[in-house]
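Engineer: With the input below, show me the fold.
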Amino acid sequence: MSSEALKISELGMRYEQLRLEAAAINIANANVIQNKTGAQFSPLKAQASYDVSSFEQLVKAPINAKLEETQVGNKLVFKPKHPMADEQGYIRMPQINMVNEMVSINSATRAYEANVKVFNASHDMARKALEIGRR
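Structural biologist: Numbering: from 1, shown residues only. Okay, the predicted model is just below:
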């Protein structure tokens with residue numbers, strides 16, 4: 001059971017790490033303006049997919065989590081004097097809600113900490129079980 005708990009905690013830590021990474025990248029690119037060729041930053045999100053139907057499969061499954069681009073539209077900001085403005089005077093920026101990103105950072109940090117505690121507790125229990133076996 002201990003190795004199973006360690007694996008599940010590891011899965012959780014990996015996912016929460018990706019959530020933190022996605023939020024940090026989104027915040028860093030919140031004010032990026034679409035260039036003349038139309039290239040635009042797309043906000044990221046953490047995605048984990050597991051095709052499992054039982055607990056045993058989950059424990060044996062590889063860690064499969066990654067960052068994916070979201071398909072959200074741009075927000076238009078009226079800045080007619082900006083060099084990147086279109087004919088109507090608008091610039092296009094990514095739709096990133098700073099409050100949502102900060103909440104995501106906070107909740108991912110808390111979830112990561114919880115997974116670390118479970119991981120450490122499982123590790124300590126396994127170590128104690130080995131010590132009892134030696135006596």
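Engineer: hey, let's count contacts and neighbours off CA atoms from now on
Structural biologist: Noted.
Engineer: which other helices and strands contact the longest helix belonging to the chain?
Structural biologist: Counting residues, the longest helix found in the chain (DSSP state H) is helix 98-134. Using 3 or more CA pairs under 8 Å, 6 or more residues apart in numbering; DSSP states H and E, the elements in contact with helix 98-134 are helix 2-28.
Engineer: how near is the nearest residue to A65 once chain neighbours are set aside to G133?
Structural biologist: Spatially, and ignoring its direct neighbours in sequence, A65 is nearest to A48 (4.2 Å; CA to CA, 6 or more residues apart in numbering). Counting by CA to CA, to the nearest Å, the gap from A48 to G133 is 38 Å.
Engineer: What of G38?
Structural biologist: 65 Å.
Engineer: Can you pull up the most central residue in this structure?
Structural biologist: R19 (1.5 Å; CA atoms, centre = their mean).
Engineer: Where does the prediction get shaky in the chain?
Structural biologist: Low-confidence segments of the chain, defined by pLDDT under 70: 1-2, 50-63, 135.
Engineer: follow-up on the earlier one: who has more neighbours out of A48 and G133?
Structural biologist: Neighbour count, other CA atoms under 10 Å: between A48 and G133, A48 has more, with 16 against 8.
Engineer: Okay then, goodbye and thanks.
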